[in-house]
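1. structure, please.
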Amino acid sequence: MLEPALPPLSEWENFYVITGSSAAALTGLMFVVVALRTDAKLEEAESGVRAFGSPNVVHFCAVLLLASILSIPSQTTWSLALCVSATGIAGLVLSGWVLLQARRQHIYEPVLSDWIWHVVLPLVAYAALVGAAVALYHRPAPALDLVAAVSLLLLFIGIHNAWDSAVWIAARRV
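-> Numbering: from 1, shown residues only. Alright, predicted model coming up:
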């Protein structure tokens, strides 16, 4: 059985250069947020930062990884589906870990928007990646659109959550 032909991935080159570069730059900015935390007297906040701060770097790295995967020359449908599904599955595992960390920490009481931005939206994004990987065999063009939409969603989730973390840390520095 022949593999379905992928639309030319080169059509996505500019999109992934922009999103990948943005994700890399924002990952660097997360180090600034961490540096803010190290100056603060927040030893007891470690579990909160682990639950609500660290996953942002992973979301940015997932966007960078997707940009890299879709920029690999000679990508086949099978190899692309494997890479995208592995990224999605790893993200689903991370989302479960975030849920556990958020429930275990006691420094901050999450509100509804925290659950949505830190757990629900990432779960939806990473599940959509797994779905896109499956769809690559049947409808490659829409599947690539879905991967792009997930990349943007993860980028915006990371931006929102990094901002929340930075504001929370800054407010605690007294």
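2. can you pull out the helices in this protein?
-> If DSSP state H is used as the criterion, the helices of the chain fall at 13-39, 46-52, 54-69, 77-104, 112-115, 121-135, 140-172.
3. low-confidence ranges, the chain, go.
-> 1-5, 7, 28-52, 169-170, 172-174 (pLDDT under 70).
4. check contacts around the most centrally placed residue in the chain.
-> Nearest to the geometric centre of the chain sits residue 59, at 2.2 Å (CA atoms, centre = their mean). Residue 59 is in contact with 122, 154-155, 157-158, 161, counting by CB atoms under 8 Å, 6 or more residues apart in numbering. Just so you know, the C-beta spots here come from the backbone N, C-alpha and C atoms, and that holds for glycine as well.
5. same list (the residues you listed) but as TSV, adding neighbour count and distance to residue 87.
-> Shown next, in TSV, are the contacts of residue 59 (neighbours: other CB atoms under 10 Å; distance: CB to CB, whole Å):
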residue	neighbour count	distance to residue 87
122	27	12
154	28	10
155	21	14
157	23	15
158	26	15
161	22	19
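6. would you list those in TSV and tack on distance to residue 68?
-> Listed next are the contacts of residue 59 as TSV, based on distance: CB to CB, whole Å:
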residue	distance to residue 68
122	20
154	14
155	15
157	19
158	17
161	22
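7. what number of residues lie near the nearest residue to residue 53 once chain neighbours are set aside?
-> Using CB to CB, 6 or more residues apart in numbering and skipping residues adjacent in sequence, the residue nearest residue 53 is residue 165, 4.4 Å away. Residues near residue 165, counting by other CB atoms under 10 Å, number 23.
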